[in-house]
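In: Structure of the sequence below:
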Amino acid sequence: MKILSSIFPSALFGLILGSCTYTAEPEDWHVTVDKQVDQLGYRNWIVIAEASFPAHNKPGIQQISTEAEVPEVVDYVLNCLEENQHVRPRIYLTREVRSVENDFAPGIEELRKSILTSLHAYEPTELEQQSLITLIESVNERFNVLVIRTPTALPYSSVFMELQPGYWDAESEDRLREKIRNQSAEKLAPAVP
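Out: Now for the predicted structure:
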């Protein structure tokens, strides 16, 4: 009994510590991002998250941690995506970030500028943060989401990337669908003698 009472606290402590680990150590985030970008495809998401972004415990969401700030991670991820070319991002910023004042969040103005510079000229879409989080929560039931948590401690500064096919754009898809509709209509229309 004495042995059990001395082993139990150690085992419990180890269990608690073991459940608080991340998928990758901060120095490994580049390697993890490289591997994930190779595997992620259409309808997958990448979130470069600020420090208070909620942790998710659902299957389909992988979270890694980094010591790099949001703009540096955005730049790195976009470089990886541009090298791979099989997917391209549709980028979302929170609508709230443009309204946060520097008086209440010192450094936010500089961070906004840095994020815009790190976007490689992609035009971001703005949605409310809660809408973006709801999207991530619903998407992860069918598709993978990679969350890269940064130490950036400024509100609403997360960047969301929805992956699209890199070799097929919306205009090409629209033209294809129009052609299919026309071909179907031609088959249904009676031949005129």
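
In: ok, which stretches of the protein are helices?
Out: Counting by DSSP state H, the chain has helices at residues 2-18, 29-39, 70-84, 108-118, 129-139, 170-188.

In: Just say which of those is most tucked in.
Out: helix 70-84 (a mean of 19; mean count of other CB atoms under 10 Å). (Each C-beta comes from the backbone N, C-alpha and C, glycine too.)

In: what does the average pLDDT come to for it?
Out: Mean pLDDT, helix 70-84: 96.

In: Which residue would you name as the spatial centre of the protein?
Out: residue 46 (1.8 Å; CA atoms, centre = their mean).

In: Hmm, that one is touching residue 139, no?
Out: No. Contact between residue 46 and residue 139 fails when scored by CB atoms under 8 Å: they sit 11.6 Å apart.

In: shared neighbours of those two, anything?
Out: The contact sets of residue 46 and residue 139 overlap at residue 145 (CB atoms under 8 Å, 6 or more residues apart in numbering).

In: which residues of this protein score low on pLDDT?
Out: 1-27, 189-193 (pLDDT under 70).

In: Contact partners for residue 146?
Out: Contacts of residue 146 by CB under 8 Å, 6+ apart are 33, 36, 40, 44-47, 61-62, 64.

In: do that again at 6 Å, thanks
Out: Residues counted as contacts of residue 146 (CB atoms under 6 Å, 6 or more residues apart in numbering) are 36, 46, 62.

In: out of the helices of the chain, which comes closest to residue 53?
Out: For these, the distance to residue 53 is smallest for helix 129-139, at 8.4 Å, taking CB to CB.

In: and the gap between residue 176 and residue 184?
Out: 13 Å (CB to CB, to the nearest Å).

In: Would you confirm that the residue nearest to the centre of the chain contacts residue 160?
Out: No. The criterion here is CB atoms under 6 Å, and residue 46 misses it with residue 160 at 7.8 Å.

In: Dump the helices of the chain into TSV; add distance to residue 145 as well.
Out: Listed next are the helices of the chain as TSV, based on distance: least, CB to CB, whole Å:
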stretch	distance to residue 145
helix 2-18	24
helix 29-39	10
helix 70-84	13
helix 108-118	20
helix 129-139	6
helix 170-188	22
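
In: With residue 54 as the reference, name the closest of the ones you listed.
Out: Set against residue 54 and scored by CB to CB, those come closest in helix 129-139, at 7.0 Å.

In: So which elements touch the closest one?
Out: Applying 3 or more CB pairs under 6 Å, 6 or more residues apart in numbering; DSSP states H and E, we find helix 129-139 packed against no helix or strand.
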